[in-house]
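Undergrad: Whatever this is, show me its structure:
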Amino acid sequence: MLCAALCVVSLSVRAAAAAPVRETAPAGPETPDAAVSGRAPAELTLRDAVRISLRNNPQLKQARVNYLAAVSGLASARDLVDTSVFAGVSQASVGGGSGETAAVAGARLDWQSRAGDALSASVVPAASSGATSNLRLQYRRPLSRQSGGLSPGNVNIVSAELALAVQENSFWLARQETAEAAVRAYLNAVRARDLIKVSEADVEIAQETVRLARRRLEEGLVAEIELSRAEIRLAQSRDALVERRRAFRDALDALLLVMGLPVGQETELVDTASATRTEIDAEKLIEEALANRRDLKAQQLAIRRQELDLRVAGDDLRPSLDVVASYTRAGLGLAGGGDFQSQSYWAGGVEYSLPLGAVSRRERRETSRRSLEQLRVDEAFLKERITNEVLSAVRRLEAVAATLDIYSANLKVAQDNLALARRMVEEGLVTNRDILEAQVALTQTRSSLLSAEIDYFLAQIALERALGRDLAERLGG
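TA: I've put the predicted structure just below:
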């Protein structure tokens, strides 16, 4: 049984580097204003960043448009009644005689049921003397092909329902992708901001080393090369500080871009992440992922749609047997109606049709069968890929946790080494090269520890995404 350390993430606000940690308050009314106006809040929390991204992100908006289009498609498929009104004027001539004008106006109704029944009715209550007012009714009920669940109306409705379910899952996945992207962009900006503080501390240490080397050079205790080494190290520290300030601006602009806001704005990032570790069971996580993952559900919906297409393709090869009936009454006597007397006609019977040229139908059935087999293969592969994603996320979390422990332990060692090197230099036991090496080690450890803390949070987010949990709801409210 595989186990790993999973962090239970809670958001916390940090007003300054040394300020106490407090719980993040729910986003206030500034968040929707920022989403509408395009201005970033003066103080930006992680929750606000996710909420604004869920409202403004262009890719998520496109996913929503696709979802609403599927909703409209289902509404259209369920509309099984079509009504219309019509009017017409014609000029006719018989046997070379004078032409006669005829005018008609009426209405038409077409209805079909999900079982395949079809009814068509038309009425022409208004007709000129050259035309006849009439009422016509036609009814058809399939008994074999295109009947019941395989009727065109029912197939269209079921297809639209499946398409809507697929788009709903796609929209949900797009929300999770947007939320995760916002979290990554926010924490990358936090990482870049805090690395500036590490570089500023590194510059202060380098300046103190230069002052120490200059004082000892004036006292004649060291050679001039000691001062040169310290000054070179100070220049490198200042250059790293400039680069990290640039990296922070790039990371902040990347965050604004994910949020759908104009880049170049200033905002203060007030959130960081704290985590509590707990033991988890990887096998149970795999079961959870296979039960929750929306992409797997979308694949299963695609299989259901292809199974329906295969049944329809097979049904098209069958002969059709339909019950038909019609009724016509000419000369209603309501308006105009010509010179015809009122007469009624009706007919009823059974129609049988056997398709002869069925090559295209057979090929369609074979194509549908092959597509269904491939979709099932893809489903099995997707399950294995989900399992791999979960195990990889668990192993990533284990590795980052181990790295975090290592750097946490090394930080105290690096601080003690720097203090020891300074004392030994002042006593003349070693050169300031040992201070410079200790300074580099301390700065690297601080930077690595900071990155490991952010990576730990992001690894937990990646694991939750692999499990199919709702990040948008939990992080964005």
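
Undergrad: Okay, buried residues for stretch 320-333 please.
TA: Within stretch 320-333, the residues scored as buried using 16 or more other CB atoms under 10 Å are Ser320, Leu321, Asp322, Arg329, Ala330, Gly331, Leu332. From N, CA and C alone the C-beta is placed, and that goes for glycine too.

Undergrad: what's the answer for stretch 422-438, then?
TA: For stretch 422-438, burial by neighbour count (16+ other CB under 10 Å) applies to Arg422, Val425, Thr431, Asn432, Asp434, Ile435, Leu436, Ala438.

Undergrad: And for stretch 372-390?
TA: Neighbour counts using 16+ other CB under 10 Å place Leu372, Leu375, Leu382, Lys383, Ile386, Thr387, Glu389, Val390 of stretch 372-390 among the buried residues.

Undergrad: Ok, stretch 289-305 next?
TA: By 16+ other CB under 10 Å, the buried positions in stretch 289-305 come out as 289-290, 293-294, 296-303, 305.

Undergrad: Just read off the phi/psi values of Gln81.
TA: That one is not Gln; residue 81 is Val. The phi/psi pair for Val81 (degrees, to the nearest 10) reads phi -120, psi 130.

Undergrad: Report the beta-bridge partner residues of it.
TA: Trp111 (DSSP bridges).

Undergrad: Show me the helices in this protein, by range?
TA: All helices of the chain, identified by DSSP state H, fall at 30-37, 46-56, 58-78, 152-218, 224-258, 282-292, 294-315, 359-426, 433-466, 471-476.

Undergrad: ranking the ones you listed by burial, who's on top?
TA: Ranked by mean neighbour count, the helices of the chain are led by helix 46-56 with a mean of 25 (mean count of other CB atoms under 10 Å).

Undergrad: Next, the angle from that helix to helix 433-466.
TA: Per axes from the mean of the first three to the mean of the last three CA atoms, to 10 degrees, the angle that helix 46-56 makes with helix 433-466 is 50 degrees.

Undergrad: In terms of secondary structure, what does helix 46-56 contact?
TA: Applying 3 or more CB pairs under 8 Å, 6 or more residues apart in numbering; DSSP states H and E, one finds that helix 46-56 contacts helix 30-37, helix 152-218, strand 271-281, helix 471-476.

Undergrad: could these go into TSV alongside distance to Ala103 and mean pLDDT?
TA: Compiled in TSV, these are given as follows (distance: least, CB to CB, whole Å; pLDDT from 0 to 100):
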stretch	distance to Ala103	mean pLDDT
helix 30-37	56	53
helix 152-218	35	92
strand 271-281	75	74
helix 471-476	61	87
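
Undergrad: got JSON lines for those, with distance to Ile461 too?
TA: Below are these laid out as JSON lines (distance: least, CB to CB, whole Å):
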{"stretch": "helix 30-37", "distance to Ile461": "21"}
{"stretch": "helix 152-218", "distance to Ile461": "6"}
{"stretch": "strand 271-281", "distance to Ile461": "9"}
{"stretch": "helix 471-476", "distance to Ile461": "7"}
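
Undergrad: re earlier: export the buried residues of stretch 289-305 to a markdown table and append columns for pLDDT.
TA: Output for these, formatted as a markdown table (pLDDT from 0 to 100):
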| residue | pLDDT |
| --- | --- |
| Ala289 | 95 |
| Leu290 | 95 |
| Arg293 | 94 |
| Arg294 | 94 |
| Leu296 | 95 |
| Lys297 | 94 |
| Ala298 | 93 |
| Gln299 | 95 |
| Gln300 | 95 |
| Leu301 | 94 |
| Ala302 | 94 |
| Ile303 | 96 |
| Arg305 | 94 |
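
Undergrad: In JSON lines: those residues, plus distance to Ser170.
TA: Output for those, formatted as JSON lines (distance: CB to CB, whole Å):
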{"residue": "Ala289", "distance to Ser170": "18"}
{"residue": "Leu290", "distance to Ser170": "19"}
{"residue": "Arg293", "distance to Ser170": "13"}
{"residue": "Arg294", "distance to Ser170": "8"}
{"residue": "Leu296", "distance to Ser170": "13"}
{"residue": "Lys297", "distance to Ser170": "11"}
{"residue": "Ala298", "distance to Ser170": "7"}
{"residue": "Gln299", "distance to Ser170": "12"}
{"residue": "Gln300", "distance to Ser170": "14"}
{"residue": "Leu301", "distance to Ser170": "10"}
{"residue": "Ala302", "distance to Ser170": "12"}
{"residue": "Ile303", "distance to Ser170": "16"}
{"residue": "Arg305", "distance to Ser170": "14"}
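
Undergrad: ok, those vs Ala472, which is closest?
TA: Arg294 (12.0 Å; CB to CB).
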